[in-house]
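Engineer: show me how the following folds:
(chains A and B)
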Amino acid sequence: MTNEEIWQAVLGEVELSISKVQFTTWFKDTFILSNENGRVVISVPNGFAKEWLENKFKAHILQALRNFQENIKEISCVICNPQDKRQCQIKNIDAIKAPKQNQIIDLHPNGIVSNTQINYSVGLNPRYTFDNFIIGENNELARAACYAVSQSLGTNYNPLFIYGGVGLGKTHLLQSIGNEISKDGHQKKVIYISSERFTSELIDCIKNRKVDQFKDKYQQADLLIIDDIQFISGKEKTQDIFFHIFNFLYQLNKQIVISSDRPPGDIQILEERLRSRFEGGMIADIGNPDLETRIAILRSKSAEKDFFIEEDLIKFIAENIKNNVRELEGALNKVIANCQFGRKPLSMESIEDTLSDTISSSKRKCVNYKNIIKIVADFYEITSEEIIKKGRRKKIALPRQIAMFLVRSELEASYPEIGEYFGGRDHTTALYAFIKISKELEKNNKIKKDISLLQDKLYRTN
Amino acid sequence: MKLICTQNNFKKAIFNTERVIGKQNTLPILKNIMLKTEKGQLKFSATNLEIGIITKIGAKIERKGKITIPARLLSDFVNNLPNEEKILLETKNQTLTITSGNYNARINGLDAADFPIIPKLKSSYLVSLMAQKFKEAISKILFCVAINENRPEFSGVNVDFLEDKIILAATDSFRLAEINLKFSDNEISDNYRDFITKKNTAIVPYNTFSEIARAINTETKKVNIAVEENQIFFEIDGVQVVSRLINGKYPDYKQIIPQKFSTRVVLAREDFLRAVKISNVFADSKSGEINLKIDSKKSGLIIQAQSHESGENKVKLKADIVGPSQEIILNSRYIIDGANVISSFNIAILVNNESSPVGIKSINDKSGEILEDYVYIVMPIKK
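Structural biologist: Numbers count the residues shown, from 1 in each chain, chains lettered A, B, ... in the order given. Model (predicted):
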């Protein structure tokens, strides 16, 4: 047995007898340095491991060693790191030119070499930048606002409030601002946090009586980005603390950027003073991407992954997955994976096959007229019975028409069928409702927004 | 374990040891402080497996023993106690009962046998430096350390042990600071000379030095230092600190520091710092570029900055200039950092040409000579 094999065997034995944490703490990066005349020298990475092995595990290790080599009498530990030697040799070469600043500065004018690491410390993912954000009609305004903010903090739009549905790129935009600022060097302090983590951090601080420290931390920010603010709805203390931090930063002209899945006015249980502050800045929404944007996204993603995919196939995917950029990316990944594992050559049929469940699920995932009625009723705070029963009060008539419209557009039910569903009404009633709402959709923004929210709900809850 | 000690000493010992305890530790016991009776004293130990701290206080010991107690809990309790003369500790199984006046607490601990063994110094301390001078030296170089660096040797301070001095140096590969700490023969121990023939450099982690700087208070007189087998030991007012050293070889930075500078500019530090800070406001926020024009004929220094976003500014300063005129572009933030730590009234800016390092040094306020013990160098930005 070589020393390496012996040591692996010993480790295997030791691992069983102590906890995993203990094992990784003390035995990581250890190995047998020499094994001569019954004396074994074990290399350990630091002084603590040396003391621990020599004082606590000596007998244990010795016994384990003897199982494999009987003549071992003695063990000792020395501190050293095998990688050092190799690294030193490599580094000696460039060490000579150490602060070779002008060259590096040419590349990174701000002097940050390891962007990645720095950004992790503030919770930013360096993958999200403005450069790889694809602009479409749906997100033009939001992107422009974010970019303007990143170019001069605290002056243009403060606070900036971005809202839009799931997977449409809110986080991407928010992180892009942070990354853009971090590019500028150490001077600006960026904090990116989701409201949920904000809350849990606050809870920790309350528990440890360090609320002041918590406030201090956030009040030092030059740029505070809070993602998914809607989750602070109903959390009074968080709202309270956030309000103070918000005011403090706002007074000092520090930039605040917030995102949510709905406009501030629609966030429930949000204190009035916060709501009005959110509405006081710039509000931009991100809508669903249109076909062209979806195609552009798919193209850029497949280029990013170095994967060639034909135009008409891209178009097919884009046409079938409409509501969500994340799903779009997922679909593309699936197609790529399937192709790369060699299971199927790339063709319209194979893609259709691969994406069959995604497409059908996004189209109608066990939606039926009952849950359309229920969701519409819930949305307008009436009961399902009221929709079905007779009665022409406006409060009920409009939801009824919307429900009919949805049953028609989502389930492609026939008008007589719809009449049947809604308490045995005439098919012309259903026809009238459909035409009316279709017309309203074109001119009435409120209804348009309601319908898209309802569609969203329909497919998300199922 | 059963003992009585003064509340004041107890608080101080906890204050000195608890700082090292990190937040995220895999081993739960690392959140604890170990209390142990040893030779008529009470010993406190804490560690994060990178740095270990030991301190001892006098105590009247009735029964020997040891236990580990969650540091946070212990310090929160003890720090809020009203001032009382004495504090009474008693352990029973794995709980510690603390009594001070009318206050009493029972804290659940963990078995001291599981606590890491903090490495002990085997030989004796090598040097004993003036604490205040040492602290000042740390403050003058520590800001140059690259904290988020993928090259581990840059994440620490290089310490060179020489015949008659210690040299501390730090760099993040854009700027570099070096300070010489001279000592007299009575500050070193007998085995110091012996030591430097074998090994004379060490890279000390950033955190260790910042911890040392914090541990030195205004009344501290001496800092004892020893190096042994990949570890460095410090002793400050009876508190022992041991830290791992960073493996690796520090870059041979000496040759980057120019031996001679052709142009020397001397002016009041305050004025210079103000001018650079103002230019920093106007400088491009990405590169922080400012332009330094040194006009030796007019004895003037012009600092300029401009950017599309903010506009431009220009500051003219009178200065004592020796050598040819120069024009260089620098990163304002690096210059501010360097000028900030100069403690003399005047500051010397030393330049060779627009592509070689710029030096910043202190001036002896009485004689007007440049002091050579500290140097800070920055590379100019190339156009």
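
Engineer: quick one, strands of chain A?
Structural biologist: A:31-36, A:39-44, A:74-79, A:160-164, A:190-194, A:223-227, A:255-260, A:282-286 (DSSP state E).

Engineer: dump those strands into a markdown table; add mean neighbour count as well.
Structural biologist: Glycine gets a C-beta too; all of them are placed from N, C-alpha and C. Output for the strands of chain A, formatted as a markdown table (neighbours: other CB atoms under 10 Å in any protein chain shown):
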| stretch | mean neighbour count |
| --- | --- |
| strand A:31-36 | 15 |
| strand A:39-44 | 20 |
| strand A:74-79 | 16 |
| strand A:160-164 | 25 |
| strand A:190-194 | 20 |
| strand A:223-227 | 25 |
| strand A:255-260 | 25 |
| strand A:282-286 | 20 |
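
Engineer: break the chain into its domains for me.
Structural biologist: Just going to use chain A. A:3-83, A:120-286, A:291-363, A:369-461 (automatic domain parsing).

Engineer: wait, chain B
Structural biologist: Split by automatic domain parsing, chain B gives B:2-114, B:127-254, B:258-378.

Engineer: around chain A, pick out the residues from the stretch 1-150 of chain B.
Structural biologist: Applying CB under 8 Å from any CB of the partner chain, we find that the stretch 1-150 of chain B lies next to chain A at B:26-27, B:47, B:49-50, B:52, B:72, B:76, B:116-119, B:148-150.

Engineer: stretch B:300-315 spans what distance, first to last residue?
Structural biologist: Using CA to CA, to the nearest Å, one end of stretch B:300-315 lies 10 Å from the other.

Engineer: is it in proximity to chain A?
Structural biologist: Yes: judged by CB under 8 Å from any CB, stretch B:300-315 comes into contact with chain A through B:Glu309.

Engineer: contacts for that stretch next, please.
Structural biologist: With contact meaning CB atoms under 8 Å, 6 or more residues apart in numbering or on different chains, stretch B:300-315 is reached by A:151-152, B:265, B:267, B:272, B:275-276, B:278-285, B:289-295, B:316-319, B:321, B:332, B:349.

Engineer: now do the contacts for A:Lys50.
Structural biologist: A:Val44, A:Cys77, A:Val78, A:Ile79, B:Pro119.

Engineer: residues in contact with residue 137?
Structural biologist: No chain was given, so I picked chain A. A:Asp290, A:Thr293.

Engineer: try again with chain B
Structural biologist: B:Ala137 is in contact with B:Leu168, B:Ile179, B:Leu181, counting by CB under 8 Å, 6+ apart.

Engineer: surely A:Ile226 meets A:Phe198?
Structural biologist: Yes: counting by CB atoms under 8 Å, A:Ile226 does reach A:Phe198; the two are 6.4 Å apart.

Engineer: now for the two: what residues contact both?
Structural biologist: Counting by CB under 8 Å, 6+ apart, the contacts common to A:Ile226 and A:Phe198 are A:Phe242.

Engineer: turn the domains of chain B into CSV, including mean pLDDT.
Structural biologist: Formatted as CSV, the domains of chain B follow (pLDDT from 0 to 100):
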stretch, mean pLDDT
domain B:2-114, 90
domain B:127-254, 89
domain B:258-378, 91
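
Engineer: closest one to A:Ile435 among those domains?
Structural biologist: domain B:258-378 (54.2 Å; CB to CB).

Engineer: the helices in chain B, which residues?
Structural biologist: B:7-18, B:71-79, B:131-141, B:192-198, B:206-215, B:269-282, B:332-340 (DSSP state H).

Engineer: list the buried residues in the longest one.
Structural biologist: Within helix B:269-282, the residues scored as buried using 16 or more other CB atoms under 10 Å in any protein chain shown are B:Arg269, B:Asp271, B:Phe272, B:Leu273, B:Ala275, B:Val276, B:Ile278, B:Ser279, B:Asn280, B:Phe282.

Engineer: of the contacts of B:Ala137, which belong to strands?
Structural biologist: Filtering those for strands - DSSP E - leaves B:Leu168, B:Ile179, B:Leu181.
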